[in-house]
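1. just a sequence and a predicted model for now, questions to come.
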Amino acid sequence: MDDIAAALTYPLVPVTVPSSREKIQERRSPGVSEGRHDPATSAGTDSASQDQVSLSREAQELARLARRDREVRAHEAAHAAMGGPYAAAPSFSYTRGPDGTQYATGGEVSIDVSAVPGDPEATLQKAQVIHAAALAPAQPSSADRLIAAKASRMAIEARAEIQAQNSAFASDSSSLRDSPPTETPATRQAVLRTYGPPQTDPIPLPSPGSLLNFLA
């Protein structure tokens, strides 16, 4: 982008030197025969020709600057629109045209590419947004593609962290199913409400005398 901006500071269209035939035709004017040479008329014609070449070169340079300005602004606007809350407003570098107008010939959009601490799900969503923002323009630059690659790596790391958390949760759940239940005050109160208090007094047995009386 810097190279393009630097190139725009130089004349974009070389000055064409008229051929001998063109010079002869330019020197001809109504009322002057081919055999006569009018220095004043020739000088005026040459000056007008040079002015026309200069104006043509300036017009082409202005057209190139205006086209570049539109391309740069559209490119950075695509980044900012897709980047959402993670993208800053576009900033531009300018080149002054022959008409005195400042044309945008370079630009950038800063974007936050850091992971969300302790939240791999949010990090994964953020990485997907960054990746889409980096490749949003019609012609992403090499720097844009580097950011997209960084976002892809961030997404891979976030998915790995999510998978590790899910595996740890599944392991903890399996351990709870296999281990015997532990009695707590809450579970003890629930048992008492359901089945009542445990029997602590032994069932009384008949004395030997009473047993003999019963048998007699």
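-> Looks like it came in fine.
2. can you list contacts of stretch 97-104?
-> Applying C-beta atoms under 8 Å, 6 or more residues apart in numbering, the external contacts of stretch 97-104 come out as 58, 61-62, 65-66, 68-69, 72-73, 92-96. C-beta here means a position set from N, CA and C on the backbone, and glycine is covered the same way.
3. got a PyMOL select line for the buried ones in these?
-> Burial among the contacts of stretch 97-104 is assessed by 16 or more other C-beta atoms under 10 Å; the matching PyMOL selection reads:
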select buried, resi 58+61+62+65+68+69+72+94+95
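4. among the contacts of stretch 97-104, show me the least confident.
-> In this model, the minimum pLDDT among the contacts of stretch 97-104 belongs to residue 58 (92).
5. so that one is in which element?
-> helix 39-83 (DSSP states H and E).
6. give me the next element, helix or strand, following that helix.
-> Downstream of helix 39-83 (by DSSP H and E), the next one is strand 91-96.
7. model confidence over the helix or strand that that next one is followed by, on average?
-> Counting by DSSP H and E, the next helix or strand C-terminal to strand 91-96 is strand 102-108. Across strand 102-108, the average pLDDT comes to 97.
8. alpha carbons only: can I get the helix or strand following strand 102-108 in CSV?
-> Counting by DSSP H and E, the element after strand 102-108 in chain order, helix or strand, is helix 120-134. Output of helix 120-134 as CSV, limited to C-alpha atoms (Å, rounded to 0.1, in the frame of the first residue of the first chain):
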residue,chain,number,x,y,z
PRO,A,120,-13.0,-20.3,25.3
GLU,A,121,-16.5,-20.2,23.9
ALA,A,122,-16.3,-16.3,23.7
THR,A,123,-12.8,-16.6,22.3
LEU,A,124,-14.1,-18.9,19.6
GLN,A,125,-16.9,-16.5,18.6
LYS,A,126,-14.4,-13.6,18.6
ALA,A,127,-12.0,-15.5,16.4
GLN,A,128,-14.7,-16.2,13.9
VAL,A,129,-15.6,-12.5,13.7
ILE,A,130,-12.0,-11.4,13.3
HIS,A,131,-11.5,-14.0,10.5
ALA,A,132,-14.6,-12.7,8.6
ALA,A,133,-13.5,-9.1,9.1
ALA,A,134,-10.0,-9.7,7.8
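9. nice, that's everything, thank you.
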